[in-house]
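Colleague: The following block contains a protein sequence and its predicted model.
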Amino acid sequence: MIDRLEATLSSDLAELRESGRAKGKELIIEKVSKPEGDRGPRYFVKGYGDKPFIRMNSNSYLGLTLRDDLRKAEEDGATSYGVGPGAVRFISGTFRPHRDLEKKLAAFHGREEAMAFSSAYMTVNGVLTSLITKETAVISDELNHNCIINAIRLSRPVSKSVYRHNDVSELETRILEAKGAKRLIVVTDGIFSMRGDHAPLKEIEEMVRRHDHLFPENAILVVDDSHGVGAFGKTGRGTEEYTGGRADILIGTLGKAYGVNGGYVVSSKSVVTYLREHAPMYIYSNPISAGEAAATLKALEILDSQEGRSILEHLRAMTSRFENGLKDLGFEVIEGEHPVVPLMVRDTDETSKLVSYLRENGVLATGLNYPVVPKGDEEIRFQIAGDHTASDIDSVLSTLKSYKESK
């Protein structure tokens, strides 16, 4: 019997619902129709019959997930190697597509070596828990993703501190305070997923380099650019390309812009080899399937081509169209070129009402309330994709206009 535990958990769930912070039941997508004519893909949700939805809450920024060439690559990989790896990699779970993908990722980012994990969340945890010792100081941006926060908690560094969001001057203060540690790790998101803004990576890198001499085992810059790689920068190489900065250790995902699944890290050969020997989230967890690796290889081939440049140009155009449309309607946004476009509502109840209105009118969007975002920063995070059309964008803007007029 676990009756007393269940009573405690039920009380917690009731409080979440009453405060408007509960995520609630997950929507189940039962069918997807491919782009046709001047409209992008449409999604069909359980409980809504044949009503088609425009999906404005997907991380698949390049819009590659429904492409026949990616599906064929994954199917061919599964045909050749099976649907799952059957073991962790060091036992017998490494297949040719895994290594081909890692070599391609390393070359794409201009690094010596790459290493794929089962997810980006596990990549961050595997990298940080392996590199943070009892003599390591860690400094983190206040708006870093939950995976970074939890990785630092797991790691138990000698000291940890937080600097105001993107405040390089305060970062320097925190670096000087960390003097005496053997190793320093400064960690930041590249793109901050709730806001769509980016870290001033060039300035952060210069600050870390300036004070590297204070730490016997270096001051190290770790960047999680999961929302940036593939979707940001002229050729999709992320925040590094956009800002001109460069991380010592760069973390990315295969499950957002590339449209598949998994995570990865790129760095020097020595660092990656060390991680293969020490990162528990890699050693003790199955990798992505060979089919997924093959599909990601195809996504990278597309991205690193003229077609990829065209997709990125279209993505930027649709992002600008939507952002400008929101501003024209009088909504508050956080401006930027990244395809995350936050509509700042700044109220939990109002956020929930607007999300419901959008859903009833055929738009899938996600409201973000406290504690996912700070109180007062409640928002709807819209995400533009490469398979959205101008007609799609205008349709969503028309729905938002109708909501505003109904107030």
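Modeller: Now that the structure is in, tell me what you want to look at. Numbering: from 1, shown residues only.

Colleague: going forward, measure contacts between C-alpha atoms and count neighbours the same way
Modeller: OK.

Colleague: All the helices of the stretch 1-150 of the chain, residue numbers only.
Modeller: 3-18, 68-81, 96-108, 120-131, 146-155 (DSSP state H, counting those that start in this stretch).

Colleague: What is the burial count for Y163?
Modeller: Counted with other CA atoms under 10 Å, the neighbours of Y163 add up to 19.

Colleague: Got the phi and psi for it?
Modeller: Per-residue torsions, Y163: phi -110, psi 150 (degrees, to the nearest 10).

Colleague: check contacts around it.
Modeller: By CA atoms under 8 Å, 6 or more residues apart in numbering, the contact list for Y163 reads I139, S140, D141, E142, E170, L171, R174.

Colleague: The residues you listed in strands, which ones?
Modeller: I139, S140, D141 (DSSP state E).

Colleague: Just the buried ones from these?
Modeller: I139, S140, D141 (16 or more other CA atoms under 10 Å).

Colleague: got the residue ranges for the helices in the stretch 301-407 of the chain?
Modeller: According to DSSP H, counting those that start in this stretch, the helices that the stretch 301-407 of the chain contains are 306-328, 348-360, 390-406.

Colleague: For the last one, give me every contacting residue.
Modeller: Read it as helix 390-406. 38-40, 54, 318, 321-322, 325-326, 329, 354, 357-358, 361, 363.

Colleague: Then the first one?
Modeller: Where contact means CA under 8 Å, 6+ apart, the residues beyond helix 306-328 that reach it are 61-62, 231, 234-236, 302-303, 332-333, 335, 337-339, 341, 343, 384-386, 388-390, 393-394, 397.

Colleague: Return a PyMOL selection command for the buried portion of those residues.
Modeller: Buried residues among those (16+ other CA under 10 Å), as a PyMOL selection:
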select buried, resi 61+62+231+235+236+302+303+332+333+335+337+338+339+341+343+384+385+386+388+389+390+393+397
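
Colleague: picking that back up, can you lay out the helices of the stretch 1-150 of the chain as JSON lines showing distance to K404 and mean pLDDT?
Modeller: What follows is these, written out as JSON lines (distance: least, CA to CA, whole Å; pLDDT from 0 to 100):
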{"stretch": "helix 3-18", "distance to K404": "26", "mean pLDDT": "94"}
{"stretch": "helix 68-81", "distance to K404": "39", "mean pLDDT": "98"}
{"stretch": "helix 96-108", "distance to K404": "44", "mean pLDDT": "98"}
{"stretch": "helix 120-131", "distance to K404": "37", "mean pLDDT": "97"}
{"stretch": "helix 146-155", "distance to K404": "33", "mean pLDDT": "95"}
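
Colleague: closest to V32 out of those?
Modeller: Ranking the helices of the stretch 1-150 of the chain by proximity to V32 (CA to CA) places helix 68-81 first, at 13.8 Å.

Colleague: What are the buried residues along that closest one?
Modeller: L70, R71, A73, E74, E75, D76, G77, A78, Y81.

Colleague: isn't the second one right up against A294?
Modeller: No - applying CA atoms under 8 Å as the test, R71 and A294 come out as separate, 9.6 Å apart.

Colleague: From the recorded domain assignment, give the ranges for the chain.
Modeller: 26-55+306-406, 68-303 (automatic domain parsing).

Colleague: What is the end-to-end distance of the longest one?
Modeller: End-to-end distance of domain 68-303: 15 Å, with CA to CA, to the nearest Å as the criterion.

Colleague: next one: the shortest one
Modeller: Using CA to CA, the end-to-end distance of domain 26-55+306-406 comes to 28 Å.

Colleague: do the same with stretch 233-251
Modeller: Note: stretch 233-251 ends 16 Å apart using CA to CA.

Colleague: Other residues contacting it?
Modeller: So stretch 233-251 is in contact with 108-109, 120, 123-124, 190-191, 198-205, 220-226, 228-232, 263-267, 303-304, 308-309, 312, going by CA under 8 Å, 6+ apart.

Colleague: which residues of the stretch 151-300 of the chain fall in helices?
Modeller: 168-177, 201-210, 239-243, 269-278, 280-283, 290-303.

Colleague: Perfect, I'm done here.
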